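K.L.:
here are the coordinates; sequence isn't available:
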């Protein structure tokens with residue numbers, strides 16, 4: 001672990017500085033003292049050392065050395081002139097132990113200290129000095145007390161732009177003698193969130209014993225989360241040969257992820273265990289078992305920090321996933337979340353105004369893969385066999401993809417997310433592919449009415465989207481893409497009444513009689529989305545008696561509707577009282593207007609399905625969603641035998 005190496009190096013450097021300064025004062029006074037600080041001390045670190053305040057030495061056994069306003073220069077390419085500063089430094093040391101070792105240091109204390117570790121854009125690090133820290137366990141000094149008050153630690157990664165900040169109210173290290181356990185206490189902040197840590201490690205005498213691993217035990221509390229680590233470290237100065245058992249729990253995993261630069265929605269309470277092994281920049285979390293609300297995950301994570309950008313590989317399986325635990329991903333509140341419930345939107349909007357103002361994803365590359373066999377949906381939907389792949393590379397996030405089996409069909413989601421760039425705000429590109437969903441099986445396990453559960457048919461479709469924004473509403477308002485939804489051999493009744501009043505359905509010729517479901521021979525829709533406005537290029541509903549054709553659009557930004565539905569008879573009739581219906585208003589509260597002027601007798605047969613149906617370019621998409629030889633494609637083929645001209649209505653194939 002670089003922190004231990006740097007601590008050992010700084011301690012050794014402080015001892016060198018103390019000895020040089022003491023000798024200078026003893027033999028030559030102030031001018032020699034300045035030489036001792038600027039030459040031997042600076043040469044040891046390979047950096048300039050400067051003391052702007054007084055330096056005092058009280059000789060004795062032990063000897064006490066104090067210095068004010070100490071500065072250690074940063075690397076030449078560093079973002080700040082100083083790597084280390086301290087308003088007050090005090091070292092208490094038995095100088096005679098420097099001759100035969102190990103050095104005995106009763107106390108080192110720092111007040112108002114800052115430490116900046118950073119990596120340049122080309123991968124250089126500022127903590128590599130000309131000399132080195134103690135490289136062997138037996139070289140570590142007998143440090144009895146180390147105290148830091150009102151300090152700050154910062155790590156800046158110039159390769160990725162990520163920055164970590166650790167505030168120190170007080171750090172206390174205490175080892176009364178080499179045979180006493182070492183106690184460590186910390187009170188401060190991590191990324192401005194409260195952090196407390198306490199630990200007990202084996203005595204320093206055991207640290208010098210290279211024949212066996214070094215025992216450690218730590219307890220940490222970050223915000224509302226807790227963690228415990230117990231085990232051994234074979235090479236503690238190199239933070240290598242780890243064999244630690246971890247346990248963790250908390251209420252707000254999203255808060256912890258945000259501190260690490262990982263964007264997550266609100267998630268339920270969590271708890272888990274794992275084994276941490278490895279070292280030298282290559283670690284593994286094995287035998288991980290994580291409980292997130294009612295859902296569980298098992299697997300492992302491999303972390304490699306030796307590459308230019310740290311890389312994480314994670315693979316998990318789940319015996320049970322409750323989708324209620326993941327409502328936060330689509331703007332809801334998980335059932336097992338400790339967060340207060342979100343109030344309803346005061347403006348009556350349907351789409352939540354969830355912020356997505358991510359300036360940069362964390363400075364790591366990652367591959368995450370999850371497989372789940374048993375799934376419980378929020379509404380009793382028959383989900384099973386989910387596979388989920390997530391890739392983070394060069395600051396961009398890719399869903400690759402999310403697949404799950406649902407009601408004898410399959411749904412696949414893919415997405416690519418780019419945070420803020422020079423080109424503009426975050427960008428989301430993605431798509432959804434829906435194939436062969438059995439509507440009856442989809443609804444039969446839900447809490448809906450028995451009549452709704454009798455609905456049937458095969459459903460399929462697709463969505464492609466490309467949008468930018470800093471909130472979920474922005475993503476809807478700026479969307480460009482293509483949306484299609486199809487159904488064949490269906491029957492619905494109450495389900496239609498959820499969408500439109502029964503009198504409106506009547507004038508469209510879609511009659512609901514008692515508990516008898518309404519047959520739907522074919523439903524085909526396609527919307528072209530530009531700048532947040534979804535315009536119907538094909539909207540057709542065919543029942544045995546009526547064909548309803550729709551035109552209009554949905555404004556995804558303002559959440560408003562304007563659609564016109566026009567019914568046609570499928571067979572010859574002398575008089576038809578069917579009439580167009582306009583749907584207007586908002587997504588939350590649509591209104592229906594029956595065109596009274598349209599209540600006139602229309603003599604003759606309706607326009608044929610082939611004339612109303614979309615062009616052949618849409619047929620392969622329908623076949624993909626519903627399967628080959630589906631009712632919609634057969635009906636179109638029957639109306640347009642080979643040699644007949646193709647209808648001109650419709651639009652092009654979906655954008656890739």
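P.N.:
Perfect, thanks for sending it. Quick caveat: nothing in here was measured; it's all calculated off a predicted structure. Numbers count the residues shown, from 1 in each chain.
K.L.:
could you pull up the residues touching residue 188?
P.N.:
Shown in contact with residue 188 (Cβ atoms under 8 Å, 6 or more residues apart in numbering): 166, 167, 168, 169, 170, 171, 195. Backbone N, C-alpha and C define where each C-beta goes, glycine included.
K.L.:
cutoff 7 Å now
P.N.:
For residue 188, the contacting residues are 166, 167, 168, 169, 195, by Cβ atoms under 7 Å, 6 or more residues apart in numbering.
K.L.:
and the residues you listed, which are buried?
P.N.:
For those, a burial check counting by 16 or more other Cβ atoms under 10 Å picks out 166, 167, 168, 195.
K.L.:
identify the farthest-apart pair in those residues.
P.N.:
Using Cβ to Cβ, the buried ones among the contacts of residue 188 reach their maximum pairwise distance at 168 and 195, which is 9.6 Å.
K.L.:
next SSE downstream of the helix or strand hosting residue 458?
P.N.:
According to DSSP states H and E, residue 458 maps onto strand 456-468. The helix or strand immediately downstream of strand 456-468 is helix 472-477, counting by DSSP H and E.
K.L.:
and the contacts of that following helix?
P.N.:
Contacts for helix 472-477 (Cβ under 7 Å, 6+ apart): 331, 351, 352, 353, 354, 356, 428, 467, 469, 532, 556, 557.
K.L.:
can you tell me the closest non-neighbouring residue to the fifth one?
P.N.:
When you say that, I think you mean residue 354. residue 472 (4.3 Å; Cβ to Cβ, 6 or more residues apart in numbering).
K.L.:
now the one you found: how far from residue 355?
P.N.:
Per Cβ to Cβ, to the nearest Å, residue 472 is found 8 Å from residue 355.
K.L.:
where do the helices of the stretch 201-350 of the chain begin and end?
P.N.:
With helices called from DSSP state H, counting those that start in this stretch, the stretch 201-350 of the chain shows them at 204-207, 253-259.
K.L.:
quick one on the thing from earlier: and which of the contacts of residue 188 is nearest to residue 71?
P.N.:
Ranked by distance to residue 71 (Cβ to Cβ), those are led by residue 168 at 18.4 Å.
K.L.:
which element is that closest one on?
P.N.:
Residue-wise, residue 168 maps onto strand 163-174 under DSSP H and E.
K.L.:
more neighbours, residue 472 and residue 355?
P.N.:
Set residue 472 next to residue 355 and count neighbours by other Cβ atoms under 10 Å: residue 472 wins out with 17 against 13.
K.L.:
mind pulling the model confidence for the more buried one?
P.N.:
In this prediction, residue 472 carries a pLDDT score of 86.
K.L.:
so how far is residue 194 from it?
P.N.:
In terms of Cβ to Cβ, residue 472 sits 30 Å off from residue 194.
K.L.:
next one: residue 314
P.N.:
In terms of Cβ to Cβ, residue 314 sits 28 Å off from residue 194.
K.L.:
out of those two, which sits in the more crowded spot?
P.N.:
Each of residue 314 and residue 194 has its neighbours counted (other Cβ under 10 Å); residue 314 has more, 18 against 14.
K.L.:
distance of the more buried one from residue 389?
P.N.:
Taking Cβ to Cβ, one finds residue 314 at 11 Å from residue 389.
K.L.:
could you do residue 143 as well?
P.N.:
48 Å.
K.L.:
out of these two, which sits in the busier spot?
P.N.:
Per other Cβ under 10 Å, whichever of residue 143 and residue 389 has more neighbours is residue 143, with 22 against 16.
K.L.:
chain neighbours aside, what residue packs nearest to that one?
P.N.:
residue 105 (4.9 Å).
K.L.:
list the buried ones in the helix or strand that neighbour falls within?
P.N.:
Remark: residue 105 resides in strand 104-111, with elements defined by DSSP H and E. Neighbour-count burial for strand 104-111, counted by 16+ other Cβ under 10 Å, picks out 104, 105, 107, 108, 109, 110.
K.L.:
just the angle for that strand relative to strand 163-174, thanks.
P.N.:
Following axes from the mean of the first three to the mean of the last three Cα atoms, to 10 degrees, one obtains 140 degrees for the angle between strand 104-111 and strand 163-174.
K.L.:
can you get me a residue count around residue 623?
P.N.:
16.
K.L.:
sec struct for residue 625, please.
P.N.:
helix (DSSP: H, G, I helix; E, B strand; the rest coil).
K.L.:
gap between it and residue 246?
P.N.:
Counting by Cβ to Cβ, the gap from residue 625 to residue 246 is 46 Å.
K.L.:
cool, residue 82 as well?
P.N.:
For residue 82, the distance to residue 246 - Cβ to Cβ - is 35 Å.
K.L.:
do residue 256 as well
P.N.:
14 Å.
K.L.:
neighbour count for these two, which is higher?
P.N.:
The residue with more neighbours, out of residue 256 and residue 246, is residue 256; 21 against 17, by other Cβ under 10 Å.
K.L.:
secondary structure element for residue 620?
P.N.:
Going by DSSP H and E, residue 620 is in helix 619-626.
K.L.:
next, the buried residues of that helix.
P.N.:
Buried residues in helix 619-626 (16+ other Cβ under 10 Å): 619, 621, 622, 623, 624, 625, 626.
K.L.:
wait, the last one touches residue 460, no?
P.N.:
Which is residue 626. Yes. Applying Cβ atoms under 7 Å, one finds residue 626 in contact with residue 460, separated by 4.7 Å.
K.L.:
and for those two, which residues touch both?
P.N.:
Joint contacts of residue 626 and residue 460 (Cβ under 7 Å, 6+ apart) are 436, 486.
K.L.:
how many neighbours does residue 387 have?
P.N.:
Residue 387, neighbours per other Cβ under 10 Å, totals 14.
K.L.:
what strand or helix carries it?
P.N.:
Per DSSP H and E: strand 383-393 holds residue 387.
K.L.:
quick one: contacts of the following helix or strand past that strand?
P.N.:
Using DSSP H and E, the helix or strand that directly follows strand 383-393 along the chain is strand 396-406. The set of residues external to strand 396-406 that reach it, using Cβ under 7 Å, 6+ apart, is 361, 381-391, 410-418, 437, 442.
K.L.:
give me the pLDDT for the spatially closest residue to residue 415 that is not a sequence neighbour.
P.N.:
Using Cβ to Cβ, 6+ apart and skipping residues adjacent in sequence, the residue nearest residue 415 is residue 430, 3.4 Å away. pLDDT for residue 430: 94.
K.L.:
distance check, residue 430 against residue 353.
P.N.:
Residue 430 is 20 Å from residue 353, by Cβ to Cβ.
K.L.:
and these two? which has more neighbours close in?
P.N.:
The neighbour comparison of residue 430 against residue 353 (other Cβ under 10 Å) goes to residue 430, with 18 against 12.
K.L.:
now that one: which helix or strand?
P.N.:
Secondary structure (DSSP H and E) places residue 430 in strand 427-438.
K.L.:
counting by contacts, list what that strand packs against.
P.N.:
strand 409-418, strand 456-468, helix 619-626 (3 or more Cβ pairs under 7 Å, 6 or more residues apart in numbering; DSSP states H and E).
K.L.:
what's the angle from the second one to strand 409-418?
P.N.:
Put simply, strand 456-468 runs at 0 degrees to strand 409-418, going by the same axes, to 10 degrees.
K.L.:
kindly report the same for the shortest one.
P.N.:
Helix 619-626 runs at 110 degrees relative to strand 409-418, counting by the same axes, to 10 degrees.
K.L.:
what's next to helix 619-626, contact-wise?
P.N.:
Here helix 619-626 makes contact (Cβ under 7 Å, 6+ apart) with 434-436, 458, 460-462, 484, 486, 488, 524, 630, 632-633, 636, 654.
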